[in-house]
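**Q** Any chance you can model this:
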Amino acid sequence: MDEKPMVPFKMKLSNGKKIPAIFIDYYIPKKDWNFITEEQRKFVQMVYDFKDGRVSCSRLFKEALAKLDLPDSVSVVFMPCSNQSKYLTRFSRLNNALSYEEKLHPMLYSLTYLEARESKHNIKDRDKVNADSNIIINADIVGKKVVIIDDVITTGSSIKEHAEELGKYGVEVVGVVCLAKTVKYPEKIEIWIESHFK
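**A** Modelled structure (predicted):
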């Protein structure tokens, strides 16, 4: 994969703007756990625990935030979930932990949920679901510089959509931090070429 854990990379939006992004480690689906190390298994379990609100992972997020070239003072917003309950469960602990950081201003309540939507994890063509389809962006973040925090990035399309939606309200997204990035496996033909010619 081109992107590496804890190494900032540029995420390109549809308007051509590039924003710095970083993730802490790879997310490996449970179906592949027979092929991963115990350390990798522990990290993926921590991702599940974060999603379920059992851990904040604040130390890891703070380390990742420190690696991005962010303004002196920045607001922190969180990626919308399929419903408000999941959103609050997932991000409340981290919001509280980050509120003690002098230069970070977490804004857990910058979104208002209108209704629940289907979870992207349950849909085959997840890119067809708009991340912002069930929320309203509140006026308290208009005009602010923000960093978006999410649990897992796969294609990045949801984060890009949300960043562009925030931009319509004068919000400048200056960074993205994710706990994990879904590992991408090579295609079968790539494996065959690698094994036969290299």
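**Q** which stretches of the chain have low pLDDT?
**A** Applying pLDDT under 70 to the chain flags the ranges 119-132, 198.
**Q** Setting aside sequence neighbours, what's the nearest residue to the residue nearest the centre of it?
**A** When CA atoms, centre = their mean is applied to the chain, the residue found nearest the centroid is residue 150 (2.6 Å). Distances taken as CB to CB, 6 or more residues apart in numbering place residue 79 nearest to residue 150, at 3.9 Å, with adjacent residues excluded. Bear in mind the C-beta positions are built from the backbone N, C-alpha and C, glycine included.
**Q** what sits against that neighbour?
**A** Taking CB atoms under 8 Å, 6 or more residues apart in numbering, we find residue 79 in contact with 131, 148, 149, 150, 151, 158, 159, 162.
**Q** Now with 7 Å, please.
**A** 131, 148, 150, 158, 159, 162 (CB atoms under 7 Å, 6 or more residues apart in numbering).
**Q** Just to be sure, the third one is in a strand?
**A** This means residue 150. Yes - under DSSP: H, G, I helix; E, B strand; the rest coil, residue 150 falls within a strand.
**Q** just the helices in this structure please.
**A** Using DSSP state H, the helices of the chain run over 38-51, 58-67, 84-98, 157-167, 188-197.
**Q** Return the list of helices and strands in contact with the third one.
**A** This points to helix 84-98. helix 58-67, strand 74-78, strand 104-106 (3 or more CB pairs under 7 Å, 6 or more residues apart in numbering; DSSP states H and E).
**Q** Mind putting the ones you listed into a markdown table with distance to residue 46 and mean neighbour count?
**A** Output for these, formatted as a markdown table (distance: least, CB to CB, whole Å; neighbours: other CB atoms under 10 Å):
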| stretch | distance to residue 46 | mean neighbour count |
| --- | --- | --- |
| helix 58-67 | 9 | 16 |
| strand 74-78 | 18 | 22 |
| strand 104-106 | 20 | 19 |
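**Q** could the ones you listed be laid out in a markdown table, adding distance to residue 143?
**A** Putting the helices and strands packed on helix 84-98 into a markdown table (distance: least, CB to CB, whole Å) gives the following:
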| stretch | distance to residue 143 |
| --- | --- |
| helix 58-67 | 21 |
| strand 74-78 | 10 |
| strand 104-106 | 13 |
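**Q** So for residue 114, which of those sits nearest?
**A** strand 74-78 (16.9 Å; CB to CB).
**Q** What are the contacting residues of the closest one?
**A** So strand 74-78 is contacted by 87, 91, 98, 103-108, 110, 141, 144-149, 174 (CB under 7 Å, 6+ apart).
**Q** CA atoms only: put it into PDB for me.
**A** What follows is strand 74-78, C-alpha atoms only, in PDB (Å, rounded to 0.1, in the frame of the first residue of the first chain):
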ATOM      1  CA  VAL A  74      -7.800  23.800  15.700                       C
ATOM      2  CA  SER A  75     -11.300  22.400  16.300                       C
ATOM      3  CA  VAL A  76     -11.800  18.700  16.200                       C
ATOM      4  CA  VAL A  77     -14.900  17.200  14.500                       C
ATOM      5  CA  PHE A  78     -15.900  13.600  14.200                       C
END
